[in-house]
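Peer 1: Can you look at this prediction? I've put the sequence above it.
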Amino acid sequence: MTIYVGNLSYDVTEDDLKGVFKEYGEVKQVQLPVDRETGRVRGFAFVEMITEAEETSAIEKLDGAEWMDRTLKVNKAKPREDRRSSSSGGGGGWGNNRNSSRRY
């Protein structure tokens, strides 16, 4: 199980997050996504702890807590959806449509 932590300050670091979450158990991993273009923290993170009991405790204590002038949103992370859905049908658009009767 992984914890989603939202509404983070843009000044937060991985060490800051580890410091807060270690109060509830051993932190296995912290992922702090950054914007590709600006290199700035995106305002959310994922924290993984050693046991589910530790994660549950952290969620219960930290969801809604004030930290770094922000109200945290802390819950179980949802599984990442595959953005390449096979049901999307693909391409579309104008391209090489041989059956088109429209002329431009």
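Peer 2: Cool, the structure landed. The structure presented is a predicted model; accordingly, all values stated were derived computationally and were not measured.

Peer 1: Three-state assignment for residue 60, please.
Peer 2: helix (DSSP: H, G, I helix; E, B strand; the rest coil).

Peer 1: Could you check how many residues crowd around it?
Peer 2: 11 (other CB atoms under 10 Å). The C-beta positions use only the backbone N, C-alpha and C, and glycine is treated the same way.

Peer 1: Could you report the distance from it to residue 54?
Peer 2: 11 Å (CB to CB, to the nearest Å).

Peer 1: And for residue 4?
Peer 2: 16 Å.

Peer 1: what's the answer for residue 7, then?
Peer 2: Relative to residue 54, and taking CB to CB, residue 7 is found at 22 Å.

Peer 1: Comparing the two, which shows the higher neighbour count?
Peer 2: Remark: of residue 7 and residue 54, residue 54 carries more neighbours, 19 against 13, as counted by other CB under 10 Å.

Peer 1: Now name the helix or strand holding that one.
Peer 2: Here residue 54 sits within helix 52-62, counting by DSSP states H and E.

Peer 1: and that helix, which residues are buried?
Peer 2: Of all the residues in helix 52-62, those buried under the rule 16 or more other CB atoms under 10 Å are 54, 55, 56, 58, 59, 62.

Peer 1: and what of stretch 1-18?
Peer 2: Applying 16+ other CB under 10 Å to stretch 1-18 flags 2, 3, 5, 8, 12, 16, 17 as buried.

Peer 1: ok, now stretch 74-84?
Peer 2: When burial is assessed from 16+ other CB under 10 Å, stretch 74-84 yields the following buried residues: 74, 77.

Peer 1: Would you mind listing the outside residues contacting that stretch?
Peer 2: With contacts defined as CB atoms under 8 Å, 6 or more residues apart in numbering, stretch 74-84 is touched by 1-6, 46, 55, 58-59, 62-65.

Peer 1: Pull out the buried residues from stretch 37-49.
Peer 2: 41, 43, 44, 45, 47, 49.

Peer 1: bridging residues for the nearest residue to the fifth one once chain neighbours are set aside?
Peer 2: Think residue 47. Excluding its sequence neighbours, the residue lying closest to residue 47 (CB to CB, 6 or more residues apart in numbering) is residue 3, at 4.5 Å. Going by DSSP bridges, residue 3 is paired in beta bridges with residue 47, residue 76.
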